[in-house]
Structures are given as C-alpha cells and as structure tokens.
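Trainee: Sequence and predicted structure are below.
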Amino acid sequence: MENSVTTTTCATLLPLTMPVVQKLQAIAGRLDVLYIEVRSLNAQRNLQDLDLDYLEIQVTEFDDIQSIESHIDQWCKHLELVVKDLLEPEYKLCNDVFEKIKSDAWKHCVARLAEVFRLISFLQFGRSVTKTKKDPLKLLKLLDIFALLESLGSNFNRLFGGEACTDIRTLTRELVKAVVNGAYEIFQELPSQVEMQRRFSPPSHGGIPGLVNFITKYCEQLLGDEYKPLLAQVLKIHQSWNQDVYGDGFLTNNIIIIMKEVGLNLDAWSKEYEAICLSYLFMMNNHCHFCQLKGTKLGHIMGDSWLGAHEQYKDNCAALYLRECWGKLLSLITQKDLGSFQESEKKKLKEFNEGFDDRYKKQSNWVICDENLRRKVCQILVQAVVAAYRSYMQKYVGLVEHDASASKYVKHTAQSLENMITSMFQPKLVKKYSSTKHIRFGKLKSLVQNQFRATLTAM
C-alpha cells in the first residue's frame, strides 16, 4: 500500500511534457485576452454616452477656430473624464489582477484599454487644433489645452509609462510642443497684427472701433487669473527650449506694446475724418474708453500716468469739439444789444436755424459711447446753446410779435432745441460694448477676428 502511494506521488512530480506546458501557457494567455475583452466591453459602454464624432473631423474642415470652439471645450472635458474617471480605475484594477501573475501583463492591458478609450484619437484631434489658422481666440484655446495637459501630466506618466504606450507618449510630447510653440507665435505677433489693422477705416459714427474694444477686452482676459499664469508658463517653457533672452517681463511688455500700437492706430484713423469735429469726437470717445481701464489689470500695467494722460486728452478733445463745432453758431445769438430786430438780426436767426438743423442732422448719426460722457456733453450744449437762444428770443420776442416778416425766422423753441440736443449721440451698438467674461461680440467679433486671422496668416 505504501509503495502504491509513493509511486503515485512520484508520478505527479514528473516534469510536464512540452505539449502540456504549451496548453497551460495558452490558457494563461487566454486569460489576458478574456480580461481585455471583458474590460473593453465595459469601456465601450462607458463611451456610449459621449458624443465623440468630432474626433473624426479633418483639419481641412476647420475654417476657423470659432467653428470648432465647442468641440475643443468638449474635448477638454471628455479627455479629462476618460483619463481620470475611466482609465485610472482600469489601471488600478489591472495592477491588482495581474501583479502576481505576470509582471508586464497589466501594462499591455492598460495600453489596449487606452486604445479602446480612443486616446490616440484624442491626441490627434488636439494636434489638429494646433494646425488651424492663427487666430486670437486660438491662443485662448491653446492655453485651455495646455492647462488640461498640465493637470493630466502625472496621470499620463503613471498610466502610459510602459513600452506598449510608446505611441501615446510620442503624440503627447508632440502635442505639448505644438501647443507651446503655437501659443507663443500668436502672442508674439499680436503687436504687428494690431499695426496691420491700420489700413482699415475708422467707424463713420466716431465711436470706439471694434478693434479697440476687442483688444482691450482681449488683453484684460490674457492678464486675468485664468490665463496669465498659463501664458507665463508657456512663455517660460518656450524660452527654455529656444534659449531666448526676452526675460520674465516679456508678457507685460508685449501687452504694453500692443496698446501703444492701438494708440498709433487711433491717431492715424482720427486724421481720416473730413469733419474736424468728428475727429475730436472720435478721440474723445476712445480716450474715455481708456480712462475706464482704471482698476482693471490692463490699467494697472499701463500705469497711473498713462490713465491720467487719457483723462486729460479726453477733456481737451471735448473742449475742442464744443468750440470748433458750436462756437461759431453760438456767436450768432450772443451779439450785443442792437436796439431793434433789424434785417441783419433776421439773417443771423436764419443762419442759426440752418446751422443748428445741419449740425443736428449730421450729428444724429454720431455716437458718444459712454453714458456719463454723453450726458455731460449734452448738458454743456444745453447750457450754452439753449440758454443763449432762450435769452436771445426773450430779448426780441416783442419785436418779433409786431413784425410779421420776422416771425417766419423763428423755427425753434428753447424746449424743442433742448429735446433735440439731448436725443443726440445715442450709441447704436451699445449691447456690443457690454463686458463679458470671455470675448463674445457676435458679428463684431467675427469681423475683427477675420481681419486678425488674415494678417496673422500672411505673416
């Protein structure tokens, strides 16, 4: 009996034949495959709720960054979800299941699941975004992408460190490089881009040009808490890669240069108006716009002296506008007492009526964008013109009543003049000047962006 047991035991300890070993290896290998198949089905179910059709868009379909802006926002949310909420748990599960079976099996499983989760497609889409035409909005979207990649850096290093994920690491490096270089190029070219807008005409109504409104809001956004740290980091990385020597102040210095180019544009545009009064009104509007930057991040880097100068220029332009446009008209009804309503007085009153009507007709299409400034200018006009007209008419009212031929020269009452003056300079695009967190100006935005894109692409 003892010999029988010994014989059986020895038989079980005999080396396995190669065919048996191969079968066992096949079973172990099949376990890996079965695991991947099961987890892949689970991954596919998780992806069903995400609309990922945008990942198939080709770069040739990108007319401009605005056409895919919503897709980029989706891409950021989806990539973060896939990496942090889907792949991280799968990574941990693979590690727990295979760590005692085969050292590298779990790495291959993670690589295969990354393929199922379309990591390659995500990275290729991001790379396609970097190839789109240069655009100010594109800079913001590149910074959004950079922020996401930075936040996912440790996840990528942990998840895709194996040899099986070489393609993912390569594409990620290429994407980061393209994002950094693309963001730097757009930001670095902004001053010359602004300068190239000088060939366009100023607004016919004398208000704030779309470019000026766009650039001030755009620069304020770049200097905000959301984008300034990202832009500073991108510039620092680019500097280290290329051994540039522009220093840490490049960001603020470039913003200051941009604003100086805007000022040069305004000076050039002010000379294009045939009516000197409209030129003064135009500059008054824009100096007022810059004054309102006080308390903003852009106003802070431009400095108090810069803001104070624009405050002074605004007042000077307002005074020049009032004197050049209304001074001569006002002199017609502020003459010394001539004792009677003579023919010369009838002529002056007629000239006044014609002059006022002509100014009202022309300037009804002009705008003063700031409500407080508009109210102040109208108030000064009322105090000067209406008060003088009322005094003039009170002085000669008795003579006019007894002179039938003179009554036909009395066209306006003091109240009608006041009503007409206070109705002037109403902005037609008031809603488009409203402040928003992000740049959203509808057709105005599209127009300015198209001009910017054309000049940037040509550079």
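Mentor: Now that the structure is in, tell me what you want to look at.

Trainee: Give me the phi and psi for residue 425.
Mentor: Dihedral angles of residue 425 (phi, psi; degrees, to the nearest 10) stand at phi 70, psi 20.

Trainee: Run a quick neighbour tally on it.
Mentor: Neighbours of residue 425 under the rule other CB atoms under 10 Å: 24. Yep, even glycine has a C-beta here, placed from its N, CA and C like the rest.

Trainee: who are the neighbours in contact with it?
Mentor: Each residue near residue 425 by CB atoms under 8 Å, 6 or more residues apart in numbering is listed here: 363, 366-368, 374, 377-378.

Trainee: what does residue 385 give?
Mentor: By CB under 8 Å, 6+ apart, the neighbours of residue 385 are 326, 329-330, 356, 417, 421.

Trainee: before we move on, back to that, buried ones among the contacts of residue 425?
Mentor: For these, a burial check counting by 16 or more other CB atoms under 10 Å picks out 363, 366-368, 374, 377-378.

Trainee: Just send the residues you listed back as CSV, with pLDDT, secondary structure and distance to residue 388 too.
Mentor: Shown next, in CSV, are the buried ones among the contacts of residue 425 (pLDDT from 0 to 100; DSSP: H, G, I helix; E, B strand; the rest coil; distance: CB to CB, whole Å):
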residue, pLDDT, secondary structure, distance to residue 388
363, 94, helix, 18
366, 97, coil, 22
367, 97, coil, 26
368, 96, coil, 22
374, 96, helix, 21
377, 96, helix, 17
378, 96, helix, 16
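
Trainee: Among these, which one sits closest to residue 138?
Mentor: Checking the buried ones among the contacts of residue 425 against residue 138 with CB to CB, the nearest one is residue 367 at 31.4 Å.

Trainee: separation between the closest one and residue 355?
Mentor: Distance from residue 367 to residue 355, counting by CB to CB, to the nearest Å: 21 Å.

Trainee: and if you look at residue 208?
Mentor: Residue 208 is 28 Å from residue 355, where distance means CB to CB.

Trainee: again, but for residue 235
Mentor: Distance, residue 235 to residue 355, using CB to CB: 57 Å.

Trainee: who has more neighbours, these two?
Mentor: Neighbour totals were compared for residue 235 and residue 355, and residue 235 leads with 22 against 15 (other CB under 10 Å).

Trainee: Thought residue 252 was touching the more buried one, still the case?
Mentor: No - under the criterion of CB atoms under 8 Å, residue 235 makes no contact with residue 252, lying 10.9 Å away.

Trainee: which residues touch residue 216?
Mentor: By CB under 8 Å, 6+ apart, the contact list for residue 216 reads 259, 262, 289-290, 293, 298.

Trainee: which stretch of helix or strand covers it?
Mentor: Residue 216 is part of helix 210-222 when elements are defined by DSSP states H and E.

Trainee: with the buried ones among the contacts of residue 425 in mind, which one is nearest to residue 195?
Mentor: The nearest member of the buried ones among the contacts of residue 425 to residue 195, counting by CB to CB, is residue 367 at 25.7 Å.

Trainee: list the contacts for the closest one?
Mentor: By CB under 8 Å, 6+ apart, the neighbours of residue 367 are 205-207, 285, 425-429.

Trainee: hmm, try it at 10 Å
Mentor: 203-208, 281-282, 285, 374, 424-430 (CB atoms under 10 Å, 6 or more residues apart in numbering).

Trainee: With residue 288 instead?
Mentor: By CB under 10 Å, 6+ apart, the residues touching residue 288 are 208, 310-311, 313-315, 317-318, 368-370, 372-374.

Trainee: give me that answer again for 8 Å
Mentor: By CB under 8 Å, 6+ apart, the neighbours of residue 288 are 310, 314, 369-370, 373.

Trainee: Listing request: residues of the stretch 301-450 of the chain with sub-threshold pLDDT.
Mentor: Counting by pLDDT under 70, the stretch 301-450 of the chain contains low-confidence residues at 335-343, 396-408, 429-450.

Trainee: where along it do the helices fall?
Mentor: For the stretch 301-450 of the chain, the helices defined by DSSP state H, counting those that start in this stretch cover 304-331, 343-363, 371-381, 387-401, 404-407, 414-422, 442-458.

Trainee: would you list those in TSV and tack on distance to residue 267?
Mentor: Output for the helices of the stretch 301-450 of the chain, formatted as TSV (distance: least, CB to CB, whole Å):
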stretch	distance to residue 267
helix 304-331	11
helix 343-363	23
helix 371-381	20
helix 387-401	34
helix 404-407	48
helix 414-422	29
helix 442-458	19
